[in-house]
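In: What follows is a predicted structure for the sequence shown.
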Amino acid sequence: MMKFVIVSLLCLLPFSAGAEEDFRIENKRLELEQVALWKSKLEESEKMKGSEKLVFLSLGLKGMAYWKERVGNGPEVEDLYSTIQSSLIAIPGHATYYGDRINKAQTERRAAMPAATEGELGSANYSIKDGNFRNEETNGLWTLRYLPSPETIKVLGTFLSDEWVSPIPVQDDKLWPSLARHSVEMLAVMPIVKKPTARIEDPANPGVIMPDLKAWQQWFEQIKAGKRTFSFEGDPTEYDLNGPAPKEKLQAIERDLKRDAERLARHRKSSSVSDFVSEALNLSKPSFIAGLIGSLALLTAAVWYFLRGRKVA
């Protein structure tokens with residue numbers, strides 16, 4: 001029986017290897033087919049402008065992102081992905097377009113929510129608005145994650161303050177996470193240099209780990225306040241929310257960082273001296289008290305001995 005099983009498995013090996021090779025070949029064929037298709041569509045898009053070109057090329061960007069993230073993709077995928085990405089980022093309003101659509105859908109959704117509990121009609125209207133928001137949010141954020149630019153950081157960063165969660169479940173008693181929650185997840189996977197890396201447990205979903213929203217909110221507030229800049233992997237340019245940061249701004253930030261570092265160093269030095277004195281006092285007090293108690297004990301014993309001796313005499 002064992003011999004039969006072994007022989008059967010051996011017979012399957014060539015088939016499995018062959019099937020795997022067939023799958024690889026077919027996968028490569030589809031990849032090259034998509035590359036050829038979007039190369040032609042990229043040329044076609046040159047006649048387009050504004051939002052028409054933006055929406056059209058965003059499909060190609062997400063398509064190439066799919067192949068780019070697969071193991072074993074060819075260099076033609078990387079090249080076409082970068083070309084489409086650059087074309088999209090060069091379109092003024094590439095991030096604002098999606099941000100405006102998401103904001104509009106969110107406003108309509110929140111406005112419809114109070115009536116959702118008052119009757120069937122209100123519930124149906126909210127369901128439509130809620131579905132529209134979720135579609136806009138999913139499509140918009142999923143596109144923005146592939147567009148590293150100051151405009152994208154501004155849109156996603158602004159969304160970090162929208163922590164509203166609809167009390168009406170989507171399905172299976174599950175609530176749709178806030179726009180802030182979804183936006184911080186997109187920021188966390190973008191190629192931002194020196195970005196916040198802290199992760200915490202999602203307060204609404206115990207056991208689910210997410211990027212630390214508070215850390216990202218603080219990071220974005222510092223950028224808005226002009227206290228820091230940001231850059232992207234492979235690009236040495238330092239940006240603020242308006243584009244490449246002016247030289248004067250970079251120098252001012254550097255001065256502030258140097259001043260803060262020196263202040264921190266002085267504080268640490270002062271704290272070290274204070275800690276040393278405190279520790280010395282804390283160490284000396286017990287020994288002093290112990291010595292005093294010991295001396296009093298000896299004195300008491302001597303007096304007792306002296307008085308006892310006189311009494312006996």
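Out: Good, I have the coordinates.

In: Let's verify T237: helix, strand, or coil?
Out: In three-state terms, and counting by DSSP: H, G, I helix; E, B strand; the rest coil, T237 is strand.

In: so it sits right up against F230, yeah?
Out: No - here T237 does not reach F230: they are 9.9 Å apart, not a contact under Cβ atoms under 8 Å. All C-beta atoms are positioned from the backbone trio N, CA, C, and that covers glycine.

In: Looking at those two, which has the bigger crowd around it?
Out: Between T237 and F230, counted using other Cβ atoms under 10 Å, F230 has the larger neighbour count: 22 against 12.

In: I'd like to know how far the more buried one sits from L121.
Out: Here the criterion is Cβ to Cβ, to the nearest Å. By it, F230 lies 47 Å from L121.

In: And R109, by the same measure?
Out: According to Cβ to Cβ, R109 stands 16 Å off from L121.

In: same deal with L175?
Out: Computed as Cβ to Cβ, the L175 to L121 distance reads 23 Å.

In: cool, V170 as well?
Out: Counting by Cβ to Cβ, the gap from V170 to L121 is 20 Å.

In: can you give me the strands in the stretch 151-300 of the chain?
Out: Under the criterion DSSP state E, counting those that start in this stretch, the stretch 151-300 of the chain contains strands at 199-201, 209-211, 230-232, 235-240, 243-244.

In: Of all these, which one is nearest Q217?
Out: Judged by Cβ to Cβ, the one of the strands of the stretch 151-300 of the chain that comes nearest to Q217 is strand 209-211, at 10.8 Å.

In: Strand partners (parallel or antiparallel) of the closest one?
Out: Using DSSP bridges, strand 209-211 pairs in its sheet with strand 199-201 (antiparallel).

In: Quick check: mean pLDDT of the partner strand?
Out: Strand 199-201 carries an average pLDDT of 94.

In: Tell me how far that strand lies from the chain's centre.
Out: How far strand 199-201 lies from its chain's middle: 11 Å, per Cα atoms, centre = their mean, to the nearest Å.

In: same thing with stretch 67-85?
Out: On the basis of Cα atoms, centre = their mean, stretch 67-85 sits 24 Å off its chain's mean C-alpha point.

In: so how far does it reach from one end to the other?
Out: Using Cα to Cα, to the nearest Å, the end-to-end distance of stretch 67-85 comes to 14 Å.

In: Poorly predicted segments of this structure, please.
Out: The model of the chain has pLDDT under 70 over residues 1-17, 271-313.

In: Now for the residue most central in space within it: which residues touch it?
Out: By Cα atoms, centre = their mean, the chain has its centre lying nearest to A188, at 2.5 Å. Residues in contact with A188, defined by Cβ atoms under 8 Å, 6 or more residues apart in numbering, are K195, P196, P211, W216.

In: one more time with 6 Å, if that's ok
Out: Shown in contact with A188 (Cβ atoms under 6 Å, 6 or more residues apart in numbering): P211.
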